[in-house]
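Q: Return atomic coordinates for the entry below.
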Amino acid sequence: VQLQAFGGGLVQAGGSLRLSCAASGRTASSYALGWFRQAPGKEREFVAGCNWSGTNTHYADSVKGRFTISRDNAKNTVYLQMDTLKPEDTAVYYCAASAHPTNWAPDYSFWGQGTQVTVSS
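A: Numbering: from 1, shown residues only. This next block holds a predicted model:
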């Protein structure tokens, strides 16, 4: 499975961004997908994830109620809608694929390149 994330950028605090991650490979739609982020000097952390159909979702407490993960298997794409952004959301965001829904990074076998999100105060 190959993953390509895009949609990052610079936004003011309180604003919104939508990240997209295109998955390719004949089994891509069968994988659970997740978003992680890594800020400078910090470890990579789980943000949001969903199962293969998108019907089950889970979020980090820090983004719950502000971020929404969804997927469109017809387009082999997973989205991360980010609302009410805060400066502490600034990080490189990565999409990843796993055989099952999990928030543990080592369980994800495939990773896309990151996309930078910068939230100014």
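Q: list the helices and strands the helix or strand hosting Ile69 packs on?
A: Using DSSP states H and E, Ile69 sits within strand 67-72. Here strand 67-72 touches strand 32-38, strand 45-50, strand 57-59, strand 77-82, going by 3 or more Cβ pairs under 8 Å, 6 or more residues apart in numbering; DSSP states H and E. Any C-beta I mention is one placed from the backbone N, CA and C, and that applies to glycine too.
Q: Burial-wise, tell me which of the ones you listed comes out on top.
A: Ranked by mean neighbour count, the helices and strands packed on strand 67-72 are led by strand 32-38 with a mean of 24 (mean count of other Cβ atoms under 10 Å).
Q: How about the contacts made by the residue nearest in space to the middle of the chain?
A: Centroid check for the chain by Cα atoms, centre = their mean gives Trp35 as the closest residue, at 2.4 Å. Trp35 sits next to 19, 21, 46-49, 69, 78, 80, 93-96 when contact means Cβ atoms under 8 Å, 6 or more residues apart in numbering.
Q: Who is Cys21 paired with across the strands?
A: Ala5, Val78 (DSSP bridges).
Q: count of neighbours near it?
A: If you count neighbours by other Cβ atoms under 10 Å, Cys21 ends up with 25.
Q: got it, and Asp72?
A: Asp72: 12 neighbours (other Cβ under 10 Å).
Q: Likewise for Val117?
A: Neighbours around Val117, by other Cβ under 10 Å: 22.
Q: shouldn't it be in contact with Leu19?
A: Yes: in this structure, Val117 is within contact of Leu19 by Cβ atoms under 8 Å, at 7.5 Å.
Q: Would you quantify the distance from the nearest residue to Leu17 once chain neighbours are set aside to Glu45?
A: Excluding its sequence neighbours, the residue lying closest to Leu17 (Cβ to Cβ, 6 or more residues apart in numbering) is Met82, at 5.0 Å. As judged by Cβ to Cβ, to the nearest Å, Met82 and Glu45 stand 15 Å apart.
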